[in-house]
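Novice: sequence and predicted structure are below.
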Amino acid sequence: MWTWIIVGIVVALAVLLCFALAVASFSFDNYKDKLEKLDSTRNSFGILTLQYVATINSKHFGGRLKLAKCREWQDHYSTGVVALSEKTMQSNSLASLAIVSHELGHARQDASGDTLKKHWKMRRTGRICGFFFLPLIIVGIVLSLLWVFDVLPEIYYIIAGGICFGLGIFIFIFAIILKYKEIKIEKEASVFALVFLREFLTEQEVSLCDDLLKSARLTYWASLIRTLLSWTFLTGKDNMFRLVENNKS
Ligand SMILES: [Zn+2]
């Protein structure tokens, strides 16, 4: 009886692992494919992304949002500023509208509470803690092994080793929680994005944009899975605390 239960658990874990690895490797290509497709689809309203931002800005933000230029593929939102590349600004594609609406979604989050700012603060802390992760784990393991093999037999060494290892694990869990919180924030920004898009686009176009934003979110899940499985060496390397600059989303 117990044998079957254990076999069942192992099989379930193996299936889950395969599924997670499949999601991790599929997500980026899937997003790129959808992005390329929508990048060549013009919106039916005939509006330029720049005009769209200006309209939403004056209607929903009282014109308070500032617009800045950034490099291609680096469109983002940071406190009160929507930064877009020249290509995004001058585009009338559904992809550009979807991306820019998502950034405006972050602007709405920022305007209506402090969740986004708190998250940025946590991410900054996370990035600092991230530097200590590997050294703490290594020191923890080395001290524990030296104690086990009686090289350093005093009890303090195993205690110190345990504390270092524990702190390392704590940082790891913190990274996972932060990534999960980030996904929730990204999801909410995309929900707000669809509200903005509905003011201009047909329901079919909105659903295409929704599809693109969902596939973008899947890359965040992939990042979480890669971090979660990083110790198994089955996945590619992923930064524990995603390399987004501080105070940007
Ligand atoms: Zn975002």
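Specialist: All right, it came through fine.
Novice: what residue lies at the spatial centre of this protein?
Specialist: Closest residue to the average C-alpha location of the chain: residue 220 at 3.9 Å, with CA atoms, centre = their mean.
Novice: which residue comes closest to it once chain neighbours are left out?
Specialist: Using CB to CB, 6 or more residues apart in numbering and skipping the chain neighbours, the partner closest in space to residue 220 is residue 183 (4.9 Å). C-beta coordinates here come from the backbone N, C-alpha and C atoms, glycine included.
Novice: show me where this structure dips below the pLDDT cut-off.
Specialist: Residue ranges of the chain with pLDDT under 70: 233-240, 242-246.
Novice: residues from it in reach of the ion?
Specialist: When proximity is defined as CB under 5 Å from the ion, the chain approaches the ion at 186, 249.
Novice: now do the strands in the chain.
Specialist: Here the chain has its strands, by DSSP state E, at 66-69, 76-78, 81-84.
Novice: which residues in this protein form helices?
Specialist: Using DSSP state H, the helices of the chain run over 2-39, 49-60, 86-89, 94-112, 115-148, 155-198, 203-228.
Novice: which one of those helices is the most hemmed in?
Specialist: For the helices of the chain, the largest average neighbour count (mean count of other CB atoms under 10 Å) is found in helix 94-112, namely a mean of 23.
Novice: what's that helix packed up against?
Specialist: Counting contacts by 3 or more CB pairs under 8 Å, 6 or more residues apart in numbering; DSSP states H and E, helix 94-112 is packed against helix 2-39, helix 49-60, strand 76-78, strand 81-84, helix 86-89, helix 115-148, helix 155-198, helix 203-228.
Novice: ok, which of the ones you listed comes nearest residue 70?
Specialist: Of all the helices and strands packed on helix 94-112, strand 81-84 sits nearest to residue 70, with 4.0 Å by CB to CB.
Novice: in its sheet, what does the closest one sit against?
Specialist: Using DSSP bridges, the strands paired with strand 81-84 are strand 66-69 (parallel), strand 76-78 (antiparallel).
Novice: what's that strand in contact with?
Specialist: Strand 81-84 has contacts (CB atoms under 8 Å, 6 or more residues apart in numbering) with 49-50, 53, 65-70, 74-77, 100, 103-104, 107.
Novice: now do that strand: distance to the chain's middle.
Specialist: Centroid displacement of strand 81-84 relative to its chain, using CA atoms, centre = their mean, to the nearest Å, is 18 Å.
Novice: give me the buried positions along that strand.
Specialist: Under the neighbour-count criterion of 16 or more other CB atoms under 10 Å, strand 81-84 has 81, 82, 83, 84 buried.
Novice: touching, residue 137 and residue 162? I think so.
Specialist: No - with contact defined as CB atoms under 8 Å, residue 137 does not reach residue 162; the gap is 12.0 Å.
Novice: of the helices and strands packed on helix 94-112, which is nearest residue 248?
Specialist: Nearest to residue 248 among those is strand 76-78 (4.7 Å), distances taken as CB to CB.
Novice: give me the number of residues near residue 68?
Specialist: Residues near residue 68, counting by other CB atoms under 10 Å, number 11.
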